[in-house]
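In: predicted model, plus sequence, below.
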Amino acid sequence: MAEPRTSERRVPKADDDLAVRAVDLHIRRGTSWGGHAGHGGQEIVHGLSFEVPRGSVTGVIGPSGCGKTTLMRAVVGIQRGVSGELRVLGLDTCEIELRRRVGYATQTASVYDDLTVDENLRYFAALSADRVPSPAEIIRRAERAAAGVGLATEGRTPVGQLSGGQRSRVSLAAAIIGGHELLVLDEPTVGLDPVLRRELWDEFHRMADRGLTLLVSSHVMDEAARCDRLLLLREGRLIADEKPADLLALTGAGDLDHAFLCLVESSAPACADSPVRGDAPPPRDSPRLVGASRASDAPAALGVPRTHGTPEARGRNTRQPLNLARTSSTALRVIRQMRRDRRTVLLVLVLPPTLLGLLQAIFANSPTAFDRAGTGLLGVFPLMTMFFLTSVAMLRERRSGTLERLMTTPIGRGDLLAGYGIAFGLLAVVQAVVTTTTAVVLLDLHIAGPLPVLGLLAVLAALFGTALGLLTSAFANSEFQAVQFLPPVLLPQFLLCGILVAQSQLHPVLATVSFLLPMTYVVDALTRIGASPGVPALVVRDALVIAACTLVALALAAATLRRQGP
Ligand SMILES: Nc1ncnc2c1ncn2[C@@H]1O[C@H](COP(=O)(O)OP(=O)(O)OP(=O)(O)O)[C@@H](O)[C@H]1O
């Protein structure tokens, strides 16, 4: 097979001199869950071999759909289906350490619309630090990143109120914060005006002068001219690996657009027709369309393994102990987002007491029935509302690209889920206090047992709803799909939980099914507390079952929250 155009004979460099080294890299996309390299999907990148020296600005250039994003996702370790050799800063791309040294900006602005520029950047600064940073250090790093992309004066503006170009710059600043050694930027200048583009490219070169390596994708050829080195891609193949000036010299073309066409069109008429630069030397040989690098030779020649990251290595390197600083930063960020969403707060705090009020009116002639149903509902309402809220919140995180960005930062899956759990847990506590107080004080709901235990059970139910919501969000691709989960997951549990008809009156088969459903234990525990003055042993059993179900749902949610996507 042919090799990419290059004017120099490359001597393999040591990993220490390289930011990225790829040898015979193949990437398949659309692989099934758990599918590793070479299984299913469609091969998008075909046997790339290249090196990115440290302290350079390297452009990944090529037409739409040629595989630029796919390659960049592989470099930052969030792409499944990668085979061949890919070393980043001398490490396997699944190494956790890389997430402290590499910053990534996705093609679309992956930042939180409902937070201000400062809040976004401070959050990413808090996540990316090696050690727990002081608040002053977080602020300083966020301000420096904002200034670097020309957003120093927009700190207090919510990102949702910025223009498209400004949002892209916030996203870029978030990447700069995380990238201490390598910045992987996917089309960072799309939608920016020419002045700003020039400023950003100047800034990229200043960063490279300071020793940072930048891998920047673009399909705009005038940006290619600003790179130190170019990787020209076409249909997943590397057709040139050159300095811009050498590329022009090699092809004899007057500009990089024509140089690219020369390389693409194997018969080279474009080259002959193209305006040849006056100072450019004639082509050394006729430009030709070249395909993949010597896919089969390279790894063997360099003595490197053919598989990129074994499943064992991936497992070892993705397991992280819980980090309190990142967990609390995430919890604070989610709480901040919740506070801005007044409708959500209203739904959580006002709807349950209102519905209980309605229930009291319905059971006006039967206070005992109200006491029984109302007590059970003190747990069912939090479970349902938290399920709905978390599933949508996590889905939004995934669809906005922020989850993908988070997966390239040092935050662990456990930190993220625990952060969500804490934020929604606090909301659940407020909800339990408001709903229980309203029910007992205003609606005369009769509770024989201790109120704090009742409140604790309501919070436990809410936490179970949160864990269930986090889990189901992995299976939905849109808010509409998330809502579709609501009836099948919750309604059967509600019908069988004992609020409508006591278990003793159910058909034996239905009674057995009901004992397999967590909501049954929520209602059982609450109604027992409502009816007896102490804490019966069965309430403890129920609480343990709910806690166990919560942990299982959280563990499954962590397992489905994979770092690598299709
Ligand atoms: N999730 C996916 N599953 C399967 N195939 C995908 C997926 N995402 C992208 N592809 C395919 O991978 C190929 C390369 O896409 P990629 O986004 O890497 O191209 P690109 O060069 O970055 O394009 P652009 O400049 O338009 O962003 C495309 O043919 C696309 O259809």
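Out: On my side now, so go ahead. Numbers count the residues shown, from 1 in each chain.

In: how close does the residue of the stretch 201-350 of the chain found nearest the ligand sit to Pro533?
Out: Of all residues in the stretch 201-350 of the chain, His219 sits closest to the ligand, at 5.0 Å by C-beta to the nearest ligand atom. To be clear about C-beta, it is placed using only N, CA and C from the backbone, and glycine gets the same treatment. Per C-beta to C-beta, to the nearest Å, His219 is found 73 Å from Pro533.

In: more neighbours: these two, which one.
Out: Between His219 and Pro533, counted using other C-beta atoms under 10 Å, His219 has the larger neighbour count: 17 against 10.

In: how close does the more buried one get to Val60?
Out: 10 Å.

In: shared neighbours of those two, which are they?
Out: Lys68 (C-beta atoms under 8 Å, 6 or more residues apart in numbering).

In: on that earlier part again, any idea of the pLDDT on the residue of the stretch 201-350 of the chain closest to the ligand?
Out: With respect to pLDDT, His219 scores 80.

In: if I pick it, what's in contact with it?
Out: 61-64, 68, 187 are the contacts of His219 under C-beta under 8 Å, 6+ apart.

In: now the buried members of those.
Out: Of all the contacts of His219 considered here, the ones buried according to neighbour count by 16 or more other C-beta atoms under 10 Å are 61-62, 68, 187.

In: so which of the residues you listed belong to helices?
Out: Among the buried ones among the contacts of His219, DSSP state H puts Lys68 in helices.

In: which ones among the buried ones among the contacts of His219 also lie next to the ligand?
Out: 62, 68 (C-beta under 6 Å from any ligand atom).

In: pick the one among the buried ones among the contacts of His219 closest to Ala245.
Out: Taking C-beta to C-beta as the measure, Ala245 sits nearest to Ile61 out of the buried ones among the contacts of His219, at 14.8 Å.

In: which residue is nearest the centroid of the protein?
Out: Taking C-alpha atoms, centre = their mean, the centroid of the chain lies closest to Leu403, which sits 1.5 Å from it.

In: got the contact list for that residue?
Out: The contact partners of Leu403, by C-beta under 8 Å, 6+ apart, come to 394, 397, 561.

In: could you find the closest non-adjacent residue to the last one?
Out: I take that to be Leu561. Closest residue in space to Leu561, ignoring its immediate chain neighbours: Arg413 at 5.0 Å, by C-beta to C-beta, 6 or more residues apart in numbering.

In: and the gap between Leu358 and Arg372?
Out: Leu358 is 16 Å from Arg372, by C-beta to C-beta.

In: any idea of the pLDDT on Thr402?
Out: At Thr402, pLDDT is 92.

In: report how many residues lie close to it.
Out: Neighbours of Thr402 (other C-beta under 10 Å): 22.

In: can you pull out the helices in the stretch 351-500 of the chain?
Out: Using DSSP state H, counting those that start in this stretch, the helices assigned to the stretch 351-500 of the chain run over residues 367-399, 402-406, 413-437, 451-473, 479-496.

In: elements contacting the fourth one?
Out: Read that as helix 451-473. For helix 451-473, the contact count by 3 or more C-beta pairs under 8 Å, 6 or more residues apart in numbering; DSSP states H and E identifies helix 367-399, helix 413-437, helix 479-496, helix 518-531, helix 537-560 as packing neighbours.

In: deepest of the ones you listed, which one?
Out: helix 518-531 (a mean of 25; mean count of other C-beta atoms under 10 Å).

In: which strands and helices sit next to it?
Out: Helix 518-531 packs on helix 367-399, helix 451-473, helix 479-496, helix 537-560, going by 3+ C-beta pairs under 8 Å, 6+ apart.

In: let me know which of these is the nearest to Val513.
Out: Going by C-beta to C-beta, the one of the helices and strands packed on helix 518-531 nearest Val513 is helix 479-496, 6.2 Å.

In: now the element after that closest one, going C-ward?
Out: helix 508-514 (DSSP states H and E).

In: which residues sit against that following helix?
Out: With C-beta under 8 Å, 6+ apart, helix 508-514 has contacts from 496-498, 503-504, 506, 520.

In: now list the buried members of those residues.
Out: Buried, going by 16+ other C-beta under 10 Å: 496-498, 503, 506, 520, out of the contacts of helix 508-514.

In: turn the contacts of helix 508-514 into TSV, including distance to Tyr112 and pLDDT.
Out: Listed next are these as TSV, based on distance: C-beta to C-beta, whole Å; pLDDT from 0 to 100:
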residue	distance to Tyr112	pLDDT
Leu496	39	94
Cys497	36	92
Gly498	41	89
Gln503	45	84
Ser504	50	87
Leu506	46	90
Thr520	37	95
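
In: quick check, nearest of those to Gly191?
Out: Cys497 (51.1 Å).

In: surely the closest one meets Pro518?
Out: No. Using C-beta atoms under 8 Å, Cys497 makes no contact with Pro518, being 9.1 Å away.

In: still on that earlier bit, from the contacts of His219, which land in strands?
Out: Ile61 (DSSP state E).

In: of the contacts of His219, which is the nearest to Ala22?
Out: Out of the contacts of His219, the member with the shortest distance to Ala22 (by C-beta to C-beta) is Lys68, at 13.6 Å.

In: how many neighbours does the nearest residue to that closest one once chain neighbours are set aside have?
Out: Nearest non-adjacent residue to Lys68, counting by C-beta to C-beta, 6+ apart: Ser217, 4.1 Å away. Using other C-beta under 10 Å, Ser217 is surrounded by 25 other residues.

In: which of the helices and strands in the chain ranks last by mean pLDDT?
Out: For the chain, using mean pLDDT, DSSP states H and E, the weakest element among its helices and strands is helix 297-302, scoring a mean of 38.

In: where does this structure dip in pLDDT?
Out: 1-16, 31-40, 130-131, 266-319, 564-566 (pLDDT under 70).
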